[in-house]
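Novice: Would you be able to build a 3D model of this:
(one chain, ligands or ions: 2)
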Amino acid sequence: MTKPAVLITGASSGIGATYADRFARRGHDLVLVARNADRMEELAARLRAETGVTIDVMQADLAVDADVAKVEARLRDDKRIGVLINNAGLALAGAFEAQTAADLAQLVGVNTVAVLRLAHAVAPRFVAEGAGAIVNIGSVVGLVPEFGQTVYGATKAFVQFLSQGLAHELGPKGVYVQAVLPAGTATEIWSRAGADPSQVPPLMDVGALVDAALTGFDRREAVTIPPLQDGAQWDAYQGARLAMVPSFGATVPAPRYLEAAQ
Ligand SMILES: NC(=O)C1=CN([C@@H]2O[C@H](COP(=O)(O)OP(=O)(O)OC[C@H]3O[C@@H](n4cnc5c(N)ncnc54)[C@H](OP(=O)(O)O)[C@@H]3O)[C@@H](O)[C@H]2O)C=CC1
Ligand SMILES: CC(=O)[C@H](N)C(=O)O
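Specialist: Ligands and ions are numbered 1, 2, ... in the order given. Below you'll find the predicted structure:
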């Protein structure tokens, strides 16, 4: 049986380039998407030579509406594509009040709007086929407002919610949706974000990260958190969240709000 082609955003470096390497070695044809076409062509030439798979390179800036539309069209029309890896993203150093509106718009555009639009473009075809996979790269930062990377973390919380919601909606229709939540991983994201090198935490090897994410993928896990050593902690967290749900149906405020503040 022919393996589905895989479209990977942010495939010019780091986690995306490593996904490209791993899927090529599994025998999948690829579509690589990012801004730096030279780096993708170099990666594609190496992987074609080493694995024999077919690789197309699409230059696109996912902060630019017309470029996102180009990738959406490819996802809608190219029926060979059966896996979307929504990986492209960026981080931003600095305090919220010092970050510029333009930088924040780019951060939110690439990390959330593009992720949503690409998933939305491919979902109808996957649902009609009753097959397909959407992998969204979030971050543990989306679970920890206390880290102080507020807007970056908010984009990753969006990715996590979107993924869990889509898993709930699309799973019964045959479409697998996975959220991958890396923690600090050794890629260019830190220097690109302008992070102070003395503040960078110990980092996971990018190959180890992607191999663990693919283990979760093969198991059809909804949320994969490679650095989390005790998986039962995630299950307990989800259990605590779901335990609140019946209360959300209450039609009167909780007693603690019925006493006037002193
Ligand atoms: N490394 C880490 O510690 C962690 C990373 N992540 C997430 O992993 C994902 C990949 O990042 P990582 O590999 O670490 O970092 P890199 O900086 O190495 O890679 C980011 C990729 O995204 C692409 N990209 C960035 N901006 C745009 C844009 N406007 N349009 C198209 N492509 C773009 C870059 O390509 P180009 O410049 O060619 O466009 C590059 O291929 C991100 O979503 C990140 O948030 C999550 C948790 C931890
Ligand atoms: C820059 C970061 O904080 C990193 N990409 C992460 O998500 O952990």
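
Novice: what comes up buried for the host helix or strand of residue 168?
Specialist: Using DSSP states H and E, residue 168 maps to helix 150-170. Buried positions in helix 150-170, judged by neighbour count with 16 or more other C-beta atoms under 10 Å: 151-160, 162-164, 166-167, 170. Where you see a C-beta, it was placed from the backbone N, CA and C, and this is true even at glycine.

Novice: among the helices and strands of this structure, which one scores worst on average pLDDT?
Specialist: helix 189-192 (a mean of 96; mean pLDDT, DSSP states H and E).

Novice: Just the buried positions in that one, please.
Specialist: Under the neighbour-count criterion of 16+ other C-beta under 10 Å, helix 189-192 has 189, 190 buried.

Novice: got a list of what residue 79 touches?
Specialist: Residue 79 makes contact with residue 125, according to C-beta atoms under 8 Å, 6 or more residues apart in numbering.

Novice: re the thing from before, now, which of the buried residues of helix 150-170 sits nearest residue 3?
Specialist: residue 170 (20.7 Å; C-beta to C-beta).

Novice: Pull the contacting residues for the closest one.
Specialist: Listed by C-beta under 8 Å, 6+ apart, the contact set of residue 170 reads 123, 126, 127, 134, 177.

Novice: so of those, which ones are in helices?
Specialist: 123, 126, 127 (DSSP state H).

Novice: returning to what we had before: what about burial for the contacts of residue 170, which qualify?
Specialist: Of those, these count as buried by 16+ other C-beta under 10 Å: 123, 126, 134, 177.

Novice: tell me the contacts of the nearest residue to residue 210 once chain neighbours are set aside?
Specialist: Nearest residue to residue 210 in three dimensions, chain neighbours excluded: residue 18, at 4.3 Å (C-beta to C-beta, 6 or more residues apart in numbering). Applying C-beta under 8 Å, 6+ apart, we find residue 18 in contact with 206, 207, 209, 210.

Novice: Relative to ligand 2, how far out is residue 81?
Specialist: Distance, residue 81 to ligand 2, by C-beta to the nearest ligand atom, to the nearest Å: 26 Å.

Novice: Tell me if I'm right that that residue and residue 122 touch.
Specialist: Yes: counting by C-beta atoms under 8 Å, residue 81 does reach residue 122; the two are 7.2 Å apart.

Novice: Looking at those two, which is more packed in?
Specialist: Of the pair residue 81 and residue 122, residue 122 is the one with more neighbours under other C-beta atoms under 10 Å, namely 26 against 22.

Novice: Chain neighbours aside, what residue packs nearest to that one?
Specialist: Using C-beta to C-beta, 6+ apart, the closest residue to residue 122 is residue 75 (4.1 Å).

Novice: which secondary structure element contains the one you found?
Specialist: Using DSSP H and E, residue 75 maps to helix 65-77.

Novice: Okay, buried residues for that helix please.
Specialist: 67, 68, 71, 72, 74, 75.

Novice: I'd like those residues as a markdown table, with distance to residue 189 and pLDDT appended.
Specialist: Putting those into a markdown table (distance: C-beta to C-beta, whole Å; pLDDT from 0 to 100) gives the following:
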| residue | distance to residue 189 | pLDDT |
| --- | --- | --- |
| 67 | 20 | 98 |
| 68 | 20 | 99 |
| 71 | 21 | 99 |
| 72 | 25 | 99 |
| 74 | 25 | 99 |
| 75 | 24 | 99 |
